[in-house]
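Enquirer: quick check, what structure comes out for this input:
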Amino acid sequence: MPQFDFASFVPQLFWLTAFFAILYFGIVRFTLPKLGRVMTAREDQVTGDIATAESAKAEADGIQAAYDAGIAEARERARATLADSKAEAGRSIETRLAVAGEEVDTRLKAAESALEQARAKAMTSIETIAAEASADIVERFTGKRPTPAAAAKAAKAAIAAH
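Expert: Residues are numbered from 1 along each chain as shown. Predicted structure coming up:
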């Protein structure tokens, strides 16, 4: 193996060092600056993208906060409108109930008055019928008919006792 021949070892070491130096300085001088520019450009692009993403996130958070505030405000307005509608409906119902109550009271008084008149008329009719019936009964038992005034007085007394 020629690599292990000590006579050619020093020239091989020279050429290794020479090629290594040429490759090293070629890479350092030409390739590394290009690679550095590419890495710097990518780093700048990533930093810019991160900054853009952060500003977009901040803007989205602001829009979300404004949306949430708008929703909360709309809910409060809806609640206030609902409360006002309930109060107005309550007042309307109270007004209608008051009118209906007055109408019912008027009708009730009229009905009570009519009922009292009918009761008085019925009591008069009952007293008249009772007076005639008692006069007929007395006439059958005694053979003598009592006067209408006496029969009416007796019927009134009997009705009042019960």
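Enquirer: now do the helix of greatest length in the chain, average pLDDT.
Expert: Longest helix of the chain, by residue count under DSSP state H: helix 32-142. Averaging pLDDT along helix 32-142 gives 92.
Enquirer: who are the packing partners of it?
Expert: When contacts are defined as 3 or more C-beta pairs under 8 Å, 6 or more residues apart in numbering; DSSP states H and E, helix 32-142 packs onto helix 148-161. No exception for glycine: its C-beta is placed from N, CA and C like everyone else's.
Enquirer: neighbouring contacts of the helix it packs on?
Expert: 123, 126-128, 130-132, 134-135, 138, 146 (C-beta atoms under 8 Å, 6 or more residues apart in numbering).
Enquirer: most surrounded residue in those?
Expert: Ala131 (22 neighbours; other C-beta atoms under 10 Å).
Enquirer: that older thread, turn the contacts of helix 148-161 into a markdown table, including distance to Ile93.
Expert: A markdown table is the format used below for these (distance: C-beta to C-beta, whole Å):
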| residue | distance to Ile93 |
| --- | --- |
| Met123 | 43 |
| Ile126 | 46 |
| Glu127 | 49 |
| Thr128 | 50 |
| Ala130 | 52 |
| Ala131 | 55 |
| Glu132 | 56 |
| Ser134 | 57 |
| Ala135 | 60 |
| Val138 | 64 |
| Pro146 | 63 |
